[in-house]
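Asks: A structural model of the following input is requested.
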Amino acid sequence: MRDLVPDGPAFDLDLGTADLGGVWATIRFRDVGSAGVCRLVLSARFVGPDGQTGLVALSEDAEGGDRFSWTGRLPDGLSALRLSPLSRETPFRLDGLTIRRRSPLALIALGLRRNPALAARAAYWRALGLKVRGRALLLRALNDRCETGYETWVARFDTLTDADRSRIRDEIAAWVDPPRISVVMPVHDPAPRILDAAIRSVRAQLYPNWDLCITDDASTDPAIPRLLARHAADDPRIRVRRRPENGHIARATNDALAEASGEFVAFLDHDDVLAEAALYHVAGTIRAAPDLVLIYSDEDKIDGRGRRFEPHFKSGFDRELLYGQNYINHLTVIRADAIRAAGGLRPGFEGSQDHDLLLRVTARLTPERIRHIPRVLYHWRAAGGSGTFSDRASERTEVARLRALAEVVAPTGATATRGPLGFNRLVRPVPEPAPLVSVIIPTRDRADLLAVALDGLLSGTAYSALEILIVDNDSQDARTRALFARHAGDVRVRVLPVPGPFNFSALSNRGAADARGALLLFLNNDIEVIEPGWLREMVSIALTPDIGAVGAKLLYPDRTLQHGGIVLGIGGVAGHSHPGLPDGDPGYFARMVLTQEVSAVTGACLLVRTEVFAASGGFDAERLAVAFNDVDLCLRLRRQGYRNVWTPHACLIHHESKSRGPEDTPEKRARFEREVRVMQDRWGPELRADPYYNPNLSRDAARYRL
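Replies: Okay, the predicted model is just below:
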């Protein structure tokens, strides 16, 4: 690595004399200590025929452990590999980087393993001499990940070898003052074999600095105390306490907490299982960021035979999503002092006692003190005979969950109601009188679409404090002029003529400059209102001081999902969550029926406070005239400390791009490609690591699949 040259926050590996431009190759490297989630962005720097320098991202594949690779065709004019850290706080540690030229046969063989049909077509066209077509098909085959089911994923990415175990033990042995983690386990009449498996999963941890605090909540099966006593006799790190009478899960857990000696506390149900490296990954996370208060991981389920299924690959910390459901459990690890300061678990919240604790603990925390480990460290048993404490579908559980949320949000004036599928729904207040919303609609003709949008705003929307600014970009159709004339007498409607080439950003900024409202709603002219309460819902969220942009649930006319929030990195820049999902489908772990934080929302329906929009500088009219201006705005809001929120409780129809048309001309395609490059240059690290989308999920499309 002698040629690793500093270049600002990134490093460049000089390849100017290596003659690798246009070569098919595999790049392999290790990001030591990454725990399988790459902490760097790999890019190729090249010099084009015009002498201009360009940069193209190379999306790596995880090969298991700390190993990563990329296979494809390096760009013509390659001059260097750029290695950029995703975060200054978590730098990468590069080792063993190699670049290996690949033969056509080897590439076809790899493509056949990933997508046989595409690779076969690539070979066919190459044999006919049509190399460009064959190359495009081969690249698609090499980038295909659809073959990876969960069992395959577990075998490839989540199965430790003896070498992995040896490496982990050697690493732990070198740690100075490793944190002590107390595992707390309330027990009440589980099947003895299942309890035994839970305890053995703790004793099998690769990380040794733990204690296991068990409270037997007056189990009636005499085999339980005998089993607990046997384990305690075998391992001095296990402490057992027995309650004389059943006090239910909150009291039993608090009794176990009283025995905990660790700085951090991990929660384990008496019928579940920890992954053998679970506490190692938790301890490593604590060592890297000692001020953390809450740490949580991904999880899956195991059946009676120990078969793993239904993984839950979670997002980074999402306060809005936590209001609606306890997506954090399991594995949950909390600093012991924070649990005690919150008063521990509260009796009377049985069934939702964990959710109640998390709501109270996180209410006092900034996101910087919360960390998600994107690894499956906890296996939740979904089999008969486990004797779980709580029935998650019970009415008592729902009531406790609602009461927990209601208490936390009461100081804000918000209320908690039952939402879809029994999850919580937070309803925020709107002050009286309601603040004025300025609706900004850029348009060019298409009076048929605009008339529907105006009718929905003026007649189908319950929120009356609004003004509509139609930013007219050279409309010529007589029907459009007639529509403007029809609304000329309505004081709520104004038409702002802005001639010139179509520039969505400039048109929207012009509308914002003329707006009088405290809030700005940027709305496409092809939006159709289908229910009256949508705008009040969005306003109630946008008025929250730390919230930036608010987006709505947008459906295609056939009632499939068009917009469920925007996920970064999809297709190279960004894409919509759950595209094409039927309206009645709740989505991945009910994400499409729950309000949640997102990195960005679409400008087709985006609400933001006027002062926040002005402070952000508005849309980028110079470099992002049409595409990605909404994503760019939302990312700038996040950089300023605001949270962007998507709500399913504001639902509209979006006749997508009907007025503007598709990107199907050479000029439009060239403009789109320029805007893609702007986003990749400006937001490269962010596009590779959306905090609300798990890195284990595919970035080909945001369908929440491996």
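
Asks: strands along the stretch 551-700 of the chain, start to end?
Replies: 561-563, 566-568, 574-576, 596-598, 605-609, 643-654 (DSSP state E, counting those that start in this stretch).

Asks: surely Cys213 is in a helix?
Replies: No: counting by DSSP: H, G, I helix; E, B strand; the rest coil, Cys213 is not part of a helix but strand.

Asks: quick one: it from Arg559, how far?
Replies: Shown here: Cys213 relative to Arg559, a distance of 51 Å by CB to CB, to the nearest Å. C-beta coordinates here come from the backbone N, C-alpha and C atoms, glycine included.

Asks: ok, those two, which is more surrounded?
Replies: Cys213 (24 against 11; other CB atoms under 10 Å).

Asks: put together TSV for the strands of the stretch 551-700 of the chain, with distance to Ile108 and mean pLDDT on each row.
Replies: Listed next are those as TSV, based on distance: least, CB to CB, whole Å; pLDDT from 0 to 100:
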stretch	distance to Ile108	mean pLDDT
strand 561-563	37	95
strand 566-568	32	97
strand 574-576	29	95
strand 596-598	39	98
strand 605-609	45	98
strand 643-654	41	98
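
Asks: which among these is found nearest to Ile181?
Replies: Closest to Ile181 of these is strand 596-598 (CB to CB; 28.5 Å).

Asks: and that closest one, what does it pack onto?
Replies: If you count contacts as 3 or more CB pairs under 8 Å, 6 or more residues apart in numbering; DSSP states H and E, strand 596-598 packs onto helix 319-324, strand 643-654.

Asks: which residues touch Glu171?
Replies: By CB atoms under 8 Å, 6 or more residues apart in numbering, the contact set of Glu171 is Gly33.

Asks: cool, and Ala453?
Replies: 441, 523-529.

Asks: what's the answer for Val471, then?
Replies: Val471 neighbours (CB under 8 Å, 6+ apart): 440-443, 496, 498, 507-508, 510-511.

Asks: for those residues, which one is nearest Arg705?
Replies: Looking across those and measuring by CB to CB, the closest to Arg705 is Ser508, at 33.9 Å.

Asks: re earlier: mind checking which of the contacts of Ala453 are in strands?
Replies: The strands, defined by DSSP state E, take in 441, 523, 527-529 from the contacts of Ala453.

Asks: what's the burial count for the residue lying closest to Arg428 once chain neighbours are set aside?
Replies: Leaving aside its chain neighbours, Arg428 sits nearest to Ser540 (3.9 Å; criterion: CB to CB, 6 or more residues apart in numbering). Other residues near Ser540 come to 21 when the count uses other CB under 10 Å.

Asks: confidence score at Ser540?
Replies: On pLDDT, Ser540 comes in at 98.

Asks: so where does it fall, helix or strand?
Replies: Assessed by DSSP states H and E, Ser540 sits inside helix 534-542.

Asks: same thing with Ala141?
Replies: Counting by DSSP H and E, Ala141 is found in helix 131-142.

Asks: over to Arg494?
Replies: Here Arg494 is assigned to strand 493-497, by DSSP H and E.

Asks: list the contacts for Arg33?
Replies: That one is not Arg; residue 33 is Gly. 66, 93, 171, 284.

Asks: any idea how far it lies from Arg39?
Replies: 9 Å.

Asks: repeat that for Phe484.
Replies: Distance, Phe484 to Arg39, by CB to CB: 54 Å.

Asks: also Asp558?
Replies: Distance from Asp558 to Arg39, by CB to CB: 41 Å.

Asks: more neighbours, these two?
Replies: Neighbour comparison, Asp558 and Arg39: the larger count goes to Arg39, with 20 against 10 (by other CB under 10 Å).

Asks: keeping just the C-alphas, turn the longest helix belonging to the chain into PDB.
Replies: Ranked by residue count and defined by DSSP state H, the top helix of the chain is helix 666-688. Output of helix 666-688 as PDB, limited to C-alpha atoms (Å, rounded to 0.1, in the frame of the first residue of the first chain):
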ATOM      1  CA  PRO A 666     -31.200  12.300 -25.500                       C
ATOM      2  CA  GLU A 667     -31.300  15.800 -23.900                       C
ATOM      3  CA  LYS A 668     -33.300  14.600 -20.900                       C
ATOM      4  CA  ARG A 669     -31.100  11.500 -20.400                       C
ATOM      5  CA  ALA A 670     -28.000  13.700 -20.500                       C
ATOM      6  CA  ARG A 671     -29.400  16.100 -18.000                       C
ATOM      7  CA  PHE A 672     -30.400  13.200 -15.700                       C
ATOM      8  CA  GLU A 673     -27.000  11.700 -15.900                       C
ATOM      9  CA  ARG A 674     -25.400  15.000 -15.000                       C
ATOM     10  CA  GLU A 675     -27.700  15.200 -12.000                       C
ATOM     11  CA  VAL A 676     -26.800  11.700 -10.900                       C
ATOM     12  CA  ARG A 677     -23.100  12.700 -11.000                       C
ATOM     13  CA  VAL A 678     -23.900  15.800  -8.900                       C
ATOM     14  CA  MET A 679     -25.600  13.700  -6.200                       C
ATOM     15  CA  GLN A 680     -22.800  11.100  -6.200                       C
ATOM     16  CA  ASP A 681     -20.100  13.800  -5.900                       C
ATOM     17  CA  ARG A 682     -22.000  15.700  -3.200                       C
ATOM     18  CA  TRP A 683     -23.500  12.900  -1.100                       C
ATOM     19  CA  GLY A 684     -21.400   9.900  -1.900                       C
ATOM     20  CA  PRO A 685     -20.900   8.500   1.700                       C
ATOM     21  CA  GLU A 686     -24.600   9.300   2.600                       C
ATOM     22  CA  LEU A 687     -25.800   7.400  -0.500                       C
ATOM     23  CA  ARG A 688     -23.900   4.400   0.600                       C
END
